[in-house]
Structure formats: C-alpha cells, structure tokens
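J.: one predicted model, sequence on top.
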Amino acid sequence: MLTKILGGYQTDFARNWLKEGMSIVDAFKECVNGALESSHLNASDIQTIHVGNAAAEMFLSQGHLGALAIEADTSLRGLPSARHEAACASGSVAALAATAELEAGRYELALVIGIEQMKTVDPQKCGDFLGTAAWYDREAKGIEFPFPKLFGQLGSEYINRFSLSHSYYSECQSYLSDLMFDNARLNGKAQARNWDIASLSDKLTVRISPEITVKDCSQITDGAVAIIIASDKFAAEYAKTHGIDSDSIPSILGWGHTTAPIALSDKLSESKNSGYVLPHARKAITDAYDRAGIAGPSKLDSYEFHDCFTTTSYASIDLIGLTKPGENHVAIEKGWIERGGLLPLNPSGGLIGAGHPVGATGVRQLLDSYLQVSEKAGPYQAELKNKNVLAVNIGGSGTTTVATVIGTNKT
C-alpha cells in the first residue's frame with residue numbers, strides 16, 4: 001500500500017519572524033493554509049496531524065506543538081495530533097508516523113508540518129541549544145559551536161581513511177558550497193538566493209574547525225513547511241474528483257529509518273570494518289531503494305541530501321551509491337552532481353543554500369522531491385527520466401537517518 005503527496009507549502013526561509021512580529025502560530029497558519037490551497041482541499045478534510053519540531057522548548061519556551069498546530073484553523077480542533085522530535089530529522093520522522101497511520105488504515109488523509117523558529121537567540125546560544133542533538137555532556141557542553149567541530153571530524157575521517165590530501169578535500173568542500181549557493185539562486189524561497197557571496201567572503205572564510213569554515217555550514221533560520229499525504233483510497237477519489245490520473249500523483253515509494261550510536265566517536269569506531277564511514281545512513285538509503293523496488297541511483301533523477309555541512313554533502317556521494325566508498329571526488333571532478341549532470345544534488349539549494357530550520361528540513365525535502373517529480377519546481381526543475389527522487393534527512397551527527405524515495409507509478 002502506497003501513500004501519496006497531494007501538495008504542500010513552504011514559507012520563505014530568508015525571513016526573520018521575530019523582526020516581522022510574527023508568532024509560531026502565524027507560521028502554522030501560513031503553511032497549513034498554503035498546503036490546503038495547493039491541494040485544493042479544506043481543513044475539514046484533514047483527519048490526523050503530525051508535527052516535526054526539534055527545539056521549540058529552548059528557542060521559544062514552548063512545547064506541546066501538536067496541540068498548537070490546530071490553531072491554524074478551527075476545523076482542525078478535535079483531531080488527533082502529535083509532535084515528533086528526532087533532532088534535525090524531526091520532520092521526516094513526523095512524516096513516517098503519518099504514513100504509518102495511513103497504511104494501517106486508521107485515517108485516509110494526514111497533514112504533516114515541519115516547523116522551527118531559531119532566530120530568537122544569539123549564534124553562541126543557538127550553537128549550545130543545537131548541541132543537545134549530540135551527546136551533550138560528552139560532545140557539546142562547554143564547547144563553542146559543537147556541531148561544526150563534530151562534522152569536521154567526519155571530514156577528517158574521509159581524509160585519513162581514503163588517503164586524501166587536506167587541500168584537495170578543502171577544494172571539494174568549496175565546490176560543494178558554491179554549487180549549493182548557485183542552486184539556491186533559482187529557488188524563490190531559499191535563504192541564500194540573494195546573497196552576494198563575493199562580498200561575504202571575509203565572513204564565510206572564517207575557520208571554525210580544521211575542516212570547517214563558515215562557508216561549509218548550513219545557516220539556521222525560521223521556517224515552516226506542510227505537506228498533505230493521502231491513502232491510495234483517498235487519492236483515487238481525489239483524482240477522480242479533480243479529473244487527473246491517480247498514477248501521476250507522486251507516491252512515497254520506499255523508506256528507510258536507522259539509528260546509529262549518538263556519539264560520533266562511537267559511530268566512527270564501529271565503522272572501521274565497514275566500507276562506509278556512516279554505514280547506518282547507507283542502510284537507511286538501501287532500505288528505501290529496496291522498498292521502492294529500484295536498483296539505486298541510476299533510477300533517480302535527483303536527490304535531496306542533508307548537507308548541514310559540506311562534509312555530509314561529500315559523504316552523500318558514496319552513501320547513495322553514486323560512487324564506491326572513498327571515490328566521492330570522482331563525481332565532483334566529472335560534474336555528475338551539478339544541474340544537468342548525471343544526478344543533480346539538491347536542486348533546491350539544500351541546507352547550505354536553501355536554509356536549515358532544523359525541524360522543518362525533513363518536510364521541506366519531501367516537498368521539494370514532490371515538486372520535482374510532479375514537474376512543479378519551476379526554475380530549479382531537474383530533467384526527469386525516471387520520475388524518482390531520493391530525500392535523505394539526518395539528525396545529530398549521522399545518528400538518525402530517514403531516507404525516502406518519492407516517485408510515480410506511471411511508466
């Protein structure tokens with residue numbers, strides 16, 4: 001049994017809600033109403049609600065976001081709702097819970113929301129809050145900007161394990177961030193779409209760790225995204241009502257969900273005997289391929305990967321199977337992941353270009369995958385041959401991984 005995505009909506013990730021005098025309830029209203037409008041549905045059609053959010057208790061002193069979501073529309077009152085937290089993978093875990101309910105036959109139509117307001121504190125406090133997605137006492141407490149340092153270690157592991165020079169690896173990182181900024185310029189809701197990268201050079205080249213500069217980091221922001229997903233039964237009736245072919249509606253074809261040890265040192269130690277630096281992430285991806293019934297990246301048109309840092313976008317290349325482990329640089333050298341390349345990476349701009357409101361990212365990736373498959377991505381539309389897109393959402397330092405294949409049944 002498949003679930004289908006009927007539509008969705010994303011707020012502009014360049015905005016600062018606090019400066020606008022906008023509350024998180026206003027953000028709920030905007031994304032929910034936008035998703036309903038795009039799907040040609042009413043709030044009264046929704047049967048269940050799932051919210052992905054990582055850290056509202058810290059950034060806003062607000063919990064119970066499943067309940068807060070029904071403030072978006074009075075017709076949602078009385079519905080079952082829940083909030084899901086899995087660090088930066090919160091949004092995709094919320095989507096997994098919603099699809100499970102639909103596949104179990106409990107409900108026919110679900111609203112999935114990813115939301116995070118982060119521009120409420122200074123960067124140092126923000127870094128400390130985000131450190132709770134790691135093993136806080138062991139990896140983040142008392143450390144300034146812990147995650148750039150942790151993900152820098154991922155880069156060091158690639159350098160050492162596969163005998164890469166530090167300078168060459170840095171060149172690859174610079175290429176990857178430039179690619180995301182270029183892609184973001186085509187995305188009207190991307191955080192960095194109007195950034196003048198040249199004028200920001202002094203700021204972006206500040207080094208945070210041996211392998212990470214500011215340019216290598218995704219930037220936190222405020223953002224809300226909603227998608228509406230339906231059971232096969234509901235989608236068939238929906239298609240008939242709207243005069244469309246139900247097979248043309250993008251489906252969640254396959255998924256994978258894994259959890260690795262929370263400490264990065266434990267992950268890297270355990271992966272010594274594996275070909276992959278992040279084998280648990282690799283398994284989530286291959287599980288998604290297997291459930292979707294596809295052989296691998298040759299059956300994809302593009303992929304949305306959790307590039308919270310350039311070290312993860314570099315790792316994405318072998319994790320999705322585009323190259324053998326450690327040969328990631330080959331895809332970069334040959335331009336395979338560029339727009340118009342063999343398999344474009346993050347046509348949306350990814351986290352580095354589009355922005356990273358952490359609880360919203362997983363839902364944003366699903367929405368962008370839906371837009372690609374349904375040929376609604378506009379200026380950043382990738383060429384479609386297979387009508388399949390992979391989305392990979394990661395929480396913590398490669399701890400929680402959710403991989404999803406979005407595609408159509410139409411051949």
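T.: Now that the structure is in, tell me what you want to look at. Residues are numbered from 1 along each chain as shown.

J.: OK, contacts around Asn33?
T.: Tyr9, Ala72, Asp73 (Cβ atoms under 8 Å, 6 or more residues apart in numbering). The way it works is simple: take the backbone N, C-alpha and C, and place the C-beta from them, glycine included.

J.: for this protein, spot the helix or strand the model is least confident about on average.
T.: Sorting the helices and strands of the chain by mean pLDDT, DSSP states H and E puts helix 201-204 at the bottom, at a mean of 91.

J.: export only the CA atoms of it, formatted as CSV.
T.: The C-alpha trace of helix 201-204 is given here as CSV (Å, rounded to 0.1, in the frame of the first residue of the first chain):
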residue,chain,number,x,y,z
SER,A,201,34.0,36.3,1.5
ASP,A,202,35.7,37.6,4.7
LYS,A,203,32.8,36.3,6.9
LEU,A,204,32.4,33.0,5.0
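
J.: gap between that helix and the chain center?
T.: Centroid separation for helix 201-204 versus its chain: 26 Å, with Cα atoms, centre = their mean, to the nearest Å.

J.: does anything pack onto that helix? Which helices or strands?
T.: Counting contacts by 3 or more Cβ pairs under 8 Å, 6 or more residues apart in numbering; DSSP states H and E, helix 201-204 packs against no other helix or strand.

J.: quick check: buried residues in it?
T.: Within helix 201-204, the residues that qualify as buried are Leu204, counting by 16 or more other Cβ atoms under 10 Å.

J.: next SSE downstream of it?
T.: strand 207-209 (DSSP states H and E).

J.: what pairs with the following helix or strand past that next one, parallel or antiparallel?
T.: Counting by DSSP H and E, the next helix or strand C-terminal to strand 207-209 is strand 212-213. With DSSP bridges as the test, strand 212-213 is paired with strand 207-209 (antiparallel).

J.: what lies in contact with the least confident helix or strand of the chain?
T.: For helix 201-204, using Cβ under 8 Å, 6+ apart, the contacting residues are Ile197, Thr213, Val214, Lys215.

J.: show me what contacts the nearest residue to the first one once chain neighbours are set aside?
T.: By the measure of Cβ to Cβ, 6 or more residues apart in numbering, the closest residue to Ile197 outside its immediate chain neighbours is Phe181, 5.6 Å from it. Contact analysis of Phe181 by Cβ under 8 Å, 6+ apart lists Ala192, Trp195, Ile197, Gly349, Ile352, Gly353.

J.: among the residues you listed, show me the least confident.
T.: Here the lowest pLDDT out of these sits on Ile197, with 93.

J.: check the secondary structure at it for me.
T.: Assigned with DSSP: H, G, I helix; E, B strand; the rest coil, Ile197 falls in the coil class.

J.: any idea how far it lies from Gly341?
T.: Ile197 is 21 Å from Gly341, where distance means Cβ to Cβ, to the nearest Å.

J.: cool, and Pro347?
T.: 11 Å.

J.: with neighbour numbers in mind, choose between the two.
T.: Counted by other Cβ atoms under 10 Å, Pro347 and Gly341 do not tie: Pro347 has more neighbours, with 25 against 16.

J.: the more buried one should be in a helix, yeah?
T.: No. Counting by three-state DSSP, Pro347 falls outside a helix, being coil.

J.: what segments of the stretch 101-250 of the chain are helices?
T.: Secondary structure of the stretch 101-250 of the chain (DSSP state H, counting those that start in this stretch): helices at 123-130, 146-161, 166-184, 201-204, 232-242.

J.: tabulate the contacts of helix 201-204 (a markdown table), appending distance to Leu390.
T.: Shown next, in a markdown table, are the contacts of helix 201-204 (distance: Cβ to Cβ, whole Å):
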| residue | distance to Leu390 |
| --- | --- |
| Ile197 | 27 |
| Thr213 | 28 |
| Val214 | 28 |
| Lys215 | 25 |
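
J.: can you say which of the residues you listed are buried?
T.: Thr213, Val214, Lys215.
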